[in-house]
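Undergrad: What shape does this take:
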Amino acid sequence: MDLFEEPQTRAAIPQPLAARVRPRTLQEFAGQEHLVGPGKLLRRAIEADRVTSLILYGPPGTGKTALAHLVAQATRARFEPLNATASGVEELRKAIARAKERAQLEGKRTILFIDEIHRFNKAQQDVLMPDVEQGNPILIGATTFNPFFSIVSALLSRSLVCEFKPLASAEILTLLHRALADQERGLGALPIRADQDALEHLATVCDGDARRALNALEVAALTTPKGQDGVIPLTLAAVEESIQKKAVVYDRQDDAHYDTISAFIKSMRGSDPHATLYWLAKMLYAGEDPRFIARRLVICAAEDVGNADPQALVVAIAAMHASEFVGLPECRIPLAQAAVYVACAPKSNAAYLGIEKALKDVEEGRTFEVPTHLKDAHYQGAKQLGRGKDYKYAHDFPEHHVEQAYLPPAAGPTPAYYEPTDLGFEKTLKARLAYLKSRKSAA
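TA: Numbering: from 1, shown residues only. Prediction:
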């Protein structure tokens, strides 16, 4: 058999829909506009045939393999795929040897696509180094793990790392419609009548994974019996069964979206952890963006818990970062932990009310110049202007506190913006403010 002859199979194995409708051009590629949108670096490199080694990093079904095929097609290079879960050093060496011979005999470059490249250990990754550095083969590695934790630094330094984002529902909806219309590669040859709410359900619950949505669409199309009119009715019930996830009444652009997040926040504010978890579960099940939930958690921790338990804000922000880092489905756990903490914490909106009062004063024209003794005195010449004169450094005084004016005389008596409650840690703050006030009176 010729070295470059494609392996022969006894029978053609039908490819799944997601593989059949893989984009053939960059114009058909959905999503990742930050990477391959018009004028973006990676798109320019592909169109100019100047692609170097790439590490494509992101969730499943976001187009990493599809883009690797497009790169091979645009650069007229031979595409050689390997999967790190089933390949070792021997397979790597053979692929590299084929790439070298191909370059010598045909003058053709090879794109070595390694899926799940994070599965290779350091020794296996090091095998790639000399030849990748010479530019043949061109390495395109795909991984769902952060490459800065799983790929050796020497390989990273010779590659362009591209982070893929989950596809938006609208982008997946476009792919579903395209697959239904494509008679050559898609489902266009079948007599299908797909309800829009069914397609929107698939686009929402697949969590940005186009492969999952397309394969569920194919399962629904091939297993749903024809109606009396000879048409396959792809209803909401049919696609629910194919993707094993029920639809809930929840439209991100409709009242249910705002009503549910409202119920979630009010349940936390009302100190009901059970209701809090229910509304959280409903949002997650319906495909709500975890980042949106995390943002509302952070706001609730600051607005409704405040200084009654300052740790609530710390926990909420930690959950926000954890959600971004681990993604779905695991991010439901830190979100639940933070939501329960905020729900159970003592409540105070004193800080929120305080900033609202202060903003109202500023908006209504109570604006004052900074007193001279509080102005910045660190730059050259500041002292000649009297900046910082007579300022008292609090740490030079007993108990690290000194009485001085922090608002100008024109402001009148110090406004009572912040009025702490007797709940939680705020009770301690209230006692301290009262103590400082008593010291001022005694002085």
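
Undergrad: Enumerate every residue touching the closest residue to residue 370 other than its chain neighbours.
TA: Once flanking residues are discounted, residue 370 sits nearest to residue 408: 7.7 Å by Cβ to Cβ, 6 or more residues apart in numbering. Placement of C-beta: from N, CA and C, glycine included. For residue 408, the contact set (Cβ atoms under 8 Å, 6 or more residues apart in numbering) comprises 368, 369, 370, 371.

Undergrad: and residue 408, what pLDDT?
TA: In this model, residue 408 is scored at 82, pLDDT.

Undergrad: now residue 221
TA: 89.

Undergrad: That one against residue 235, yeah?
TA: No. Using Cβ atoms under 8 Å, residue 221 makes no contact with residue 235, being 11.9 Å away.

Undergrad: So those two - more neighbours on which side?
TA: Between residue 221 and residue 235, residue 221 has the larger neighbour count (other Cβ atoms under 10 Å), namely 21 against 15.

Undergrad: In contact with that one, which residues?
TA: Residue 221 makes contact with 187, 190, 192, 232, 234, according to Cβ under 8 Å, 6+ apart.

Undergrad: What is the neighbour count of the first one?
TA: Neighbours of residue 187 under the rule other Cβ under 10 Å: 25.

Undergrad: tell me the helices in the stretch 251-400 of the chain, going along the chain?
TA: For the stretch 251-400 of the chain, helices defined by DSSP state H, counting those that start in this stretch occupy the ranges 255-269, 273-285, 290-300, 311-326, 332-344, 350-363.

Undergrad: and among those helices, the most buried is which?
TA: Comparing the helices of the stretch 251-400 of the chain by mean neighbour count (mean count of other Cβ atoms under 10 Å), helix 332-344 comes out on top with a mean of 21.

Undergrad: Now do the worst-scoring helix or strand of the chain on mean pLDDT: which elements does it pack against?
TA: Of all helical and strand segments in the chain, the minimum by mean pLDDT, DSSP states H and E falls on helix 236-243, at a mean of 80. Judged by 3 or more Cβ pairs under 8 Å, 6 or more residues apart in numbering; DSSP states H and E, helix 236-243 is in contact with helix 196-205, helix 210-223.

Undergrad: Same list, those helices, but as CSV with distance to residue 240 please.
TA: Formatted as CSV, those follow (distance: least, Cβ to Cβ, whole Å):
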stretch, distance to residue 240
helix 196-205, 7
helix 210-223, 9
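
Undergrad: So which of those helices is nearest residue 73?
TA: Residue 73 lies closest, by Cβ to Cβ, to one member of the helices and strands packed on helix 236-243: helix 210-223, at 18.9 Å.

Undergrad: could you check the angle helix 236-243 makes with the closest one?
TA: 120 degrees (axes from the mean of the first three to the mean of the last three Cα atoms, to 10 degrees).

Undergrad: Send me helix 210-223 as CSV with only the CA atoms.
TA: Provided in CSV are the C-alpha atoms of helix 210-223 (Å, rounded to 0.1, in the frame of the first residue of the first chain):
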residue,chain,number,x,y,z
ALA,A,210,-23.1,22.1,19.0
ARG,A,211,-22.1,18.4,18.7
ARG,A,212,-24.6,17.5,21.4
ALA,A,213,-27.4,19.6,19.8
LEU,A,214,-26.8,18.2,16.3
ASN,A,215,-26.6,14.6,17.5
ALA,A,216,-29.8,15.0,19.5
LEU,A,217,-31.5,16.4,16.5
GLU,A,218,-30.4,13.4,14.4
VAL,A,219,-31.7,11.0,17.1
ALA,A,220,-35.0,12.7,17.1
ALA,A,221,-35.3,12.7,13.3
LEU,A,222,-34.4,9.1,12.9
THR,A,223,-36.5,7.7,15.8
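
Undergrad: and the least confident helix or strand of the chain with helix 196-205, angle?
TA: Using the same axes, to 10 degrees, the inter-axis angle of helix 236-243 relative to helix 196-205 is 30 degrees.

Undergrad: just how off-centre is helix 236-243 within its chain?
TA: 27 Å (Cα atoms, centre = their mean, to the nearest Å).
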